[in-house]
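Visitor: Generate coordinates for the sequence data below:
(2 chains)
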Number of protein chains: 2
Amino acid sequence: MSGRLVGLGIGPGDPDLITLKAYRLLQEADVVAYPAPEAGESLARKLVAPHLPGGQAEMAIRMPMSVQRFPAQEIYDRAAGEISAHLGAGRTVAVLCEGDPFFYGSFMYLFGRMAERHPVEVVPGVSSLTACSAVLGAPLAARNDVLSVIPAPLAAEELKRQLATTDAAALIKLGRHFAKVRQVLDELGLTQHARYVERATMDAQRILPLAEVDDTAVPYFSMILLHARGEAWRV
Amino acid sequence: MSGRLVGLGIGPGDPDLITLKAYRLLQEADVVAYPAPEAGESLARKLVAPHLPGGQAEMAIRMPMSVQRFPAQEIYDRAAGEISAHLGAGRTVAVLCEGDPFFYGSFMYLFGRMAERHPVEVVPGVSSLTACSAVLGAPLAARNDVLSVIPAPLAAEELKRQLATTDAAALIKLGRHFAKVRQVLDELGLTQHARYVERATMDAQRILPLAEVDDTAVPYFSMILLHARGEAWRV
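Guide: Residues are numbered from 1 along each chain as shown, chains lettered A, B, ... in the order given. Just a heads-up that it's a prediction; the model follows:
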């Protein structure tokens, strides 16, 4: 009798933004697994720490900071093997996923390895997309707006092409690509409509005007939201 | 001393997909407000019914089914006036929002009327976007994918233009536009990568192949997800 694998969306940062369902499944799991850096603390585990009942087995899936495709494949293969062994022994394994498991999350790589052979449940979570919108007080999109989620590592020309064909946008994965994005927005005349936030809903949350962001110190957990009309919420 | 207005994301349907934070604020609110049809039951209120402690004042914001811009303006103006009166009396008002308040939600129209004069908190929720992805077992987007949320009421040519410039898409607000969308996907050769779900996470949830959907009976709460590469989750 196989155990069950559960991908738990734990929300964007604030521990209280976990769902009742994920909270319950977290408490019931035999094994709690989570992504972690090569050394040191897992952010995902830290975010749910207030909710852990204690006494559960834990499994850190450690990933080098600068990740190449092939080491990542090996790491996911190995993690899938470990999880399979737990499932084979009838244990329920909960994998913690920051935000939502399927919104640019690494859980999908485990899912792709496990879903054909084991029962897998995915519990959706509050994504960074809506969390950033909430703390910025900036509605994402309304009526027949097209909303595009655009990763900042794309080339400047591609960013411009994407921004030209959408009504509203979320620019994600800013990190070291921030300076490029700020220049693109400036060239398109969109700076006045853009809002920047880092670590939304976490204790260290910061909201800054684009001009005041230090482009050498932009974290991965940051986002720019913009709406071409400036305000989405006028009826 | 003004009371507080709270826009509560209550999640996509399953009552257990509300966050701990929204659950707590719901229980503490003096007044619970929610959108409702012109006559009959409010879906938002129904979804949180298991969590209502009882004894709270309630306020239905009733909207005609086929809504024109001007009646909608009047209805939001009137609701904002009622809510302002509660806040002026020091009461906390929680407005229930299906999914997330700022993801194509009508709460933004109240927010636009209230935020400059009153304290307003927005509590993000699990959106239909990630809920549909979870129940379909279909990751939304990975790595540097562009993900576009595209409302189905747009013209066929605009739908084609949007689909041609994105990696992954969520087609929302299908309703009576389903037949047009299905034909567009067919013409673009994308049907094999498209997945359809209605009422995700609700008791009446249905997942169907596109070809089997009755295009005369597609509900508003339905979505098509697709990824141009077919599978987002291969490392």
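
Visitor: In three-state terms, how would A:Ile61 be classified?
Guide: strand (DSSP: H, G, I helix; E, B strand; the rest coil).

Visitor: cool, and A:Gly125?
Guide: Going by three-state DSSP: A:Gly125 is coil.

Visitor: Neighbours of the nearest residue to A:Leu188 once chain neighbours are set aside, how many?
Guide: Excluding the flanking residues, the one nearest A:Leu188 by Cβ to Cβ, 6 or more residues apart in numbering or on different chains is A:Leu163, at 5.9 Å. (Each C-beta comes from the backbone N, C-alpha and C, glycine too.) Applying other Cβ atoms under 10 Å in any protein chain shown, we find 19 residues neighbouring A:Leu163.

Visitor: Secondary structure element holding A:Leu163?
Guide: helix A:156-164 (DSSP states H and E).

Visitor: Can you spell out which helices and strands pack onto that helix?
Guide: strand A:147-151, strand A:168-172, helix A:178-187 (3 or more Cβ pairs under 8 Å, 6 or more residues apart in numbering or on different chains; DSSP states H and E).

Visitor: tell me which residues of stretch A:216-233 are tucked away?
Guide: Neighbour counts using 16 or more other Cβ atoms under 10 Å in any protein chain shown place A:218, A:221-228, A:232-233 of stretch A:216-233 among the buried residues.

Visitor: Domain boundaries for chain A, per the record?
Guide: Using automatic domain parsing, the domains assigned to chain A come out as A:5-126, A:129-227.

Visitor: thinking again about what came up before, would you convert the buried residues of stretch A:216-233 into a markdown table that also reports secondary structure, pLDDT and distance to chain B?
Guide: Shown next, in a markdown table, are the buried residues of stretch A:216-233 (DSSP: H, G, I helix; E, B strand; the rest coil; pLDDT from 0 to 100; distance: Cβ to the nearest Cβ, whole Å):
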| residue | secondary structure | pLDDT | distance to chain B |
| --- | --- | --- | --- |
| A:Val218 | coil | 96 | 17 |
| A:Phe221 | coil | 90 | 15 |
| A:Ser222 | strand | 96 | 16 |
| A:Met223 | strand | 98 | 13 |
| A:Ile224 | strand | 98 | 15 |
| A:Leu225 | strand | 97 | 10 |
| A:Leu226 | strand | 95 | 14 |
| A:His227 | strand | 92 | 11 |
| A:Ala228 | coil | 82 | 14 |
| A:Ala232 | coil | 66 | 6 |
| A:Trp233 | coil | 62 | 4 |
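
Visitor: what about chain A, any weak spots by pLDDT?
Guide: In the predicted model of chain A, residues A:66-70, A:232-235 satisfy pLDDT under 70.

Visitor: What's the biggest helix in it, counting residues?
Guide: helix A:69-88 (DSSP state H).

Visitor: Just name whatever secondary elements the next helix-or-strand element following that one is in contact with.
Guide: Where DSSP H and E defines the elements, the next helix or strand beyond helix A:69-88 is strand A:93-97. Judged by 3+ Cβ pairs under 8 Å, 6+ apart, strand A:93-97 is in contact with strand A:5-9, helix A:20-28, strand A:31-37, helix A:43-48, helix A:69-88, helix A:107-114.

Visitor: could you redo these as a markdown table and give each row distance to chain B?
Guide: Below are the helices and strands packed on strand A:93-97 laid out as a markdown table (distance: least, Cβ to the nearest Cβ, whole Å):
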| stretch | distance to chain B |
| --- | --- |
| strand A:5-9 | 7 |
| helix A:20-28 | 4 |
| strand A:31-37 | 14 |
| helix A:43-48 | 11 |
| helix A:69-88 | 5 |
| helix A:107-114 | 4 |
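
Visitor: Pull the contacting residues for A:Val126.
Guide: A:9, A:11-12, A:17, A:19, A:99-100, B:9, B:19, B:100, B:124-126 (Cβ atoms under 8 Å, 6 or more residues apart in numbering or on different chains).

Visitor: Most neighbours among those, which one is it?
Guide: Among these, B:Val126 has more neighbours than the rest - 35 neighbours, counting by other Cβ under 10 Å.

Visitor: can you give me phi and psi for the residue nearest to that one when sequence neighbours are not counted?
Guide: The shortest distance from B:Val126 to any non-neighbouring residue, by Cβ to Cβ, 6+ apart, is to B:Gly11 (4.4 Å). Here is the backbone geometry of B:Gly11 (degrees, to the nearest 10): phi 90, psi 180.

Visitor: So B:Gly11 sits against B:Leu17, correct?
Guide: Yes - using Cβ atoms under 8 Å as the test, B:Gly11 is close enough to B:Leu17 to be in contact (3.6 Å).

Visitor: Overlap in contacts, those two.
Guide: In contact with both B:Gly11 and B:Leu17: A:19, B:126, B:131, B:201, using Cβ under 8 Å, 6+ apart.

Visitor: of the residues you listed, closest to A:Ala85?
Guide: Distance to A:Ala85 across the shared contacts of B:Gly11 and B:Leu17 (Cβ to Cβ) is lowest for A:Thr19, with 28.3 Å.

Visitor: Show me what the closest one is bridged to.
Guide: B:Thr19 (DSSP bridges).

Visitor: which residues touch it?
Guide: A:Thr19 touches A:9, A:11, A:123-126, B:11, B:16-20, B:126, counting by Cβ under 8 Å, 6+ apart.

Visitor: and of the residues you listed, the nearest to A:Gly3?
Guide: A:Val123 (16.0 Å).
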